[in-house]
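Trainee: coords please:
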Amino acid sequence: MEELRVPESSRAYFEKLNAVQRQAALHYRGPLVVFAGAGSGKTRIITTRIALLIDNQVMPSQILALTFTNKAAGEMKERLLRLSPLTRGCLIATFHSACARWLREFSLDLGFHSDFSIYDDKDSLAAVKLVLENMANIDDKYSPQDYLQGINKAKIYGWSPEEVRQREESRTAFFPPHCATVYYKYQEALAKNNAMDFNDLLMNMLLLLRNKQNVRETLQNRYRFMLVDEYQDTNPTQFALISLLLNRDKNLFVVGDDDQSIYSWRGADPSNILNFKRIFSEAREIKLEQNYRCSGTIVQAASALITKNKHRAAKLLWTENPAGSPIEYELLSDGEMEAFAIAERIKAEKASIPWHEVAVFYRTNAQSRQLEEALRRLNIPYRIYGSLRFYDRAEIKDILAYFRLLINPNDNMAFHRVINVPPRQIGKMAVEAVAATAAAQGLSLLATLPKILEDPREGILARKLSKFYRSYEKLRESLRTAPLAELLPSLLQIIEYPDFLLKKHPEQAADKMANLHELGTAISEFAERTPGASLALWLQNVSLREEDHNEEEGAVAAAGATLMTLHSAKGLEFTRVYIAGVEDGLIPHSNSLNDKSAIEEERRLFYVGLTRAHQKVTLLAAVRRRIYQQWMSNRPSRFLAEIPGELLMSRSGRVSGTTSTVAASAAPAASASGASRGAPFNKGSMVFHATFGKGVVEEIDQAFGSWKAVVSFRTVGQRKIDASFLKQISG
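Mentor: Purely as a prediction, here's the structure:
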């Protein structure tokens, strides 16, 4: 087995690896899969191997490393630069960023110009709406969003419109009616606009590699060594891309952890890593099982939990770290009390654990409201990871649309957004008239304007459009002559945008202008970091970053606790972790309860949550939760029973770890006697509800002149019901 040499200049960083990590980093030729458990140092072996390849005379330009987030790619680049300045020559990028780069290089082979726009979700939705408006046979039961989701699903799996049609006819996959036709017309509209949506970056690259031998051979010859991070998260399109980029040497080095595969709803397929040796029969396999992040107790608990999954690679996480505290478990009366218990603990522990080192995880975004209220009442600063992003704000979207139209005059979606912003008395009918002329002459909307302005028959329409077109021409002149950092001030002045904000949003104008100032700062900083950069390059950078939904500028706030869903927690780590709603119906989610593979993914999600913590984890559940005007009750999560009892401590003592004991701890205490005066039922009465069936009255009280009963139903757990809908029956 041929290994990389370790020259004397490389020994300092190579010797920081443990024995198993060294085996992986020294791998030279052929395919290798590394199963890297949580906290086992996977990024370190990727960066070390890249540096060693360069030390072994591999040209940096021949090395390609692909990952999933801009944050991960950025961290990898920073680490590599600390190892060797030569690593600047490697391509370290997300799948989407790399594909955008290649598509601009080979755009003519696909029938696009290299200045194509990249549509975000809102642009794509607007394009689908326009397609649907021109189709007569669309069922109103399905929204434009439904069709866009269907199209995105097809692209994730690498399916063309014709393949979608085949699946519609054979009913092997669900799509809204006529989705294949909508998909085809949507792609036509994108092509006419010289635009691609985010999923097209992968799909179109896949089409190029499949259909253009010259493109395939060029890239195969260019990249001799390919490395892929988080390989368990690859979807079918990404897997096909990797396969087509490989040359005959098959120097593919993949790192991942099937136990952390939690994105099946995005098309991620853990079988790509589980079946790696079956796909590449000559492949080597290495397992990194030593955890450097978590306490011994957390590692033990997480390992015991995840071994319950049947479909996984055999491995056992372990650590040399001290055992630390037991995992805490607390059952509260309701969701509000659960939230306050978390807030009180965070405040009480502040002296030893700063707020910025604390995270609260939950399964659904709806759970955050009560947590936010509790934190605010106790004056604990916090941020919700994944809240409204800077580039999603309306004033920012307006300016980006202007920039896009300047770079790509064929971008009709950008034209639609800016034609009447600020208002120019250009109504819907005027835009429709422009669109009709554009369609008749085969031009983009913007390219049609000079024709209309020159036509003496279009007097009224021409007058309405002339101010916009004059502004656009001034902006084009600025684009040609002004430095990148000066384009925004010039644009704001030419289109009189500050005056527009003052008129339309008098109370919010200052905040919105502050956002625009921040946008100017971002452009200036980019210009400083990237001398000679164009507006097109900056726009591409923004488009790719903003599609990376799991990250945000500023990442984790320096001063406050962090709230996020368990899905958002992947890749992060904190000293202290709370997991709320550890109940069947939440963790695991109710949508997964009747699906064994879905339960396994929910278990992986819980495993990810546990292994984000360095020192301490508290799990919380509630006896009941309020949903609108009703109460619901779930049993504590089945996953609690999979954690060894000696590792789990409740506030009243250790939890046994058996299903019966854990479940019993949530059973509401029903009293067989006693009732509020005048109540229609006693506590403990057996009642019948037309929808929920038989149940037992647990509580009854009067509110706003009517009686409300909390009833434990045999089928759906606890609900709070107006007593007039209940009928008392014999036991």
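
Trainee: buried set for the longest helix along the chain?
Mentor: Ordering each helix of the chain by length in residues (DSSP state H) puts helix 459-481 first. If you call a residue buried by 16 or more other C-beta atoms under 10 Å, then helix 459-481 has these buried ones: Leu461, Ala462, Lys464, Leu465, Phe468, Ser471, Tyr472, Leu475, Ser478, Leu479. Where C-beta positions appear, they are placed from N, C-alpha and C, glycine not excepted.

Trainee: for the first one, give me its contacts.
Mentor: Going by C-beta atoms under 8 Å, 6 or more residues apart in numbering, Leu461 touches Ala430, Ala433, Val434, Ile452.

Trainee: equivalent analysis for the second one, please.
Mentor: Counting by C-beta under 8 Å, 6+ apart, Ala462 makes contact with Ile452, Leu453, Asp455.

Trainee: mind running it again at 7 Å?
Mentor: Contacts for Ala462 were tallied using C-beta atoms under 7 Å, 6 or more residues apart in numbering; they are Ile452, Leu453.

Trainee: tell me the confidence at it?
Mentor: Note for Ala462: predicted pLDDT of 86.

Trainee: by contact count, what packs against the strand or helix carrying Tyr184?
Mentor: Here Tyr184 sits within helix 179-192, counting by DSSP states H and E. The contact analysis (3 or more C-beta pairs under 7 Å, 6 or more residues apart in numbering; DSSP states H and E) places helix 179-192 against helix 121-133, helix 144-156, helix 161-170.

Trainee: and stretch 354-364, how far out from the chain middle?
Mentor: For stretch 354-364, the distance from its own C-alpha centre to the chain's C-alpha centre is 18 Å (C-alpha atoms, centre = their mean, to the nearest Å).

Trainee: now swap in stretch 92-105 and tell me
Mentor: Between the mean C-alpha point of stretch 92-105 and the mean C-alpha point of its chain there is a distance of 19 Å (C-alpha atoms, centre = their mean).

Trainee: list the buried residues in it.
Mentor: Within stretch 92-105, the residues that qualify as buried are 92-104, counting by 16+ other C-beta under 10 Å.

Trainee: now the helices and strands packed on helix 179-192 as TSV including mean neighbour count, mean pLDDT and distance to Glu188?
Mentor: Compiled in TSV, the helices and strands packed on helix 179-192 are given as follows (neighbours: other C-beta atoms under 10 Å; pLDDT from 0 to 100; distance: least, C-beta to C-beta, whole Å):
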stretch	mean neighbour count	mean pLDDT	distance to Glu188
helix 121-133	18	91	9
helix 144-156	20	90	13
helix 161-170	16	91	10
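
Trainee: these: which one's closest to Ala65?
Mentor: Minimum separation from Ala65 across those (C-beta to C-beta) falls at helix 144-156, 22.3 Å.

Trainee: burial count for Asp584?
Mentor: Using other C-beta atoms under 10 Å as the criterion, Asp584 is surrounded by 22 other residues.

Trainee: again with His113
Mentor: Using other C-beta under 10 Å as the criterion, the residues surrounding His113 number 11.

Trainee: which ones among the contacts of Leu461 are found in strands?
Mentor: Within these, no residue falls in strands by DSSP state E.

Trainee: and which of those is nearest to Gln213?
Mentor: Of all the contacts of Leu461, the one with the least separation from Gln213 (C-beta to C-beta) is Val434, at 41.7 Å.

Trainee: any idea how far that closest one is from Lys122?
Mentor: With distances taken as C-beta to C-beta, to the nearest Å, Val434 is found 21 Å from Lys122.

Trainee: got it, and Arg82?
Mentor: Distance, Arg82 to Lys122, by C-beta to C-beta: 39 Å.

Trainee: so which of the helices and strands packed on helix 179-192 gets nearest Leu26?
Mentor: The stretch from the helices and strands packed on helix 179-192 with the least distance to Leu26 (C-beta to C-beta) is helix 144-156; that distance is 35.4 Å.

Trainee: burial of the residue nearest to Ile63 when sequence neighbours are not counted, as a residue count?
Mentor: Spatial nearest neighbour of Ile63, chain neighbours left out: Cys90 (4.3 Å); criterion: C-beta to C-beta, 6 or more residues apart in numbering. Other residues near Cys90 number 26, with proximity taken as other C-beta under 10 Å.

Trainee: could you do Pro456 as well?
Mentor: Residues lying near Pro456 (other C-beta under 10 Å) number 6.

Trainee: repeat for Met226
Mentor: Around Met226 there are 22 residues (other C-beta under 10 Å).

Trainee: tell me which stretches of the stretch 551-700 of the chain form helices.
Mentor: Chain-ordered helices for the stretch 551-700 of the chain, with DSSP state H, counting those that start in this stretch as the definition, fall at 566-569, 596-610, 659-664.

Trainee: can the ones you listed go into CSV with extra columns for mean neighbour count, mean pLDDT and distance to Asp259?
Mentor: Conversion of the helices of the stretch 551-700 of the chain to CSV gives the following (neighbours: other C-beta under 10 Å; pLDDT from 0 to 100; distance: least, C-beta to C-beta, whole Å):
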stretch, mean neighbour count, mean pLDDT, distance to Asp259
helix 566-569, 22, 92, 14
helix 596-610, 22, 95, 6
helix 659-664, 15, 41, 23
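
Trainee: and those helices as TSV, adding distance to Tyr385?
Mentor: Below are the helices of the stretch 551-700 of the chain laid out as TSV (distance: least, C-beta to C-beta, whole Å):
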stretch	distance to Tyr385
helix 566-569	5
helix 596-610	13
helix 659-664	30
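
Trainee: any idea which of those gets closest to Asp249?
Mentor: Relative to Asp249, the nearest member of the helices of the stretch 551-700 of the chain by C-beta to C-beta is helix 596-610, separated by 33.4 Å.
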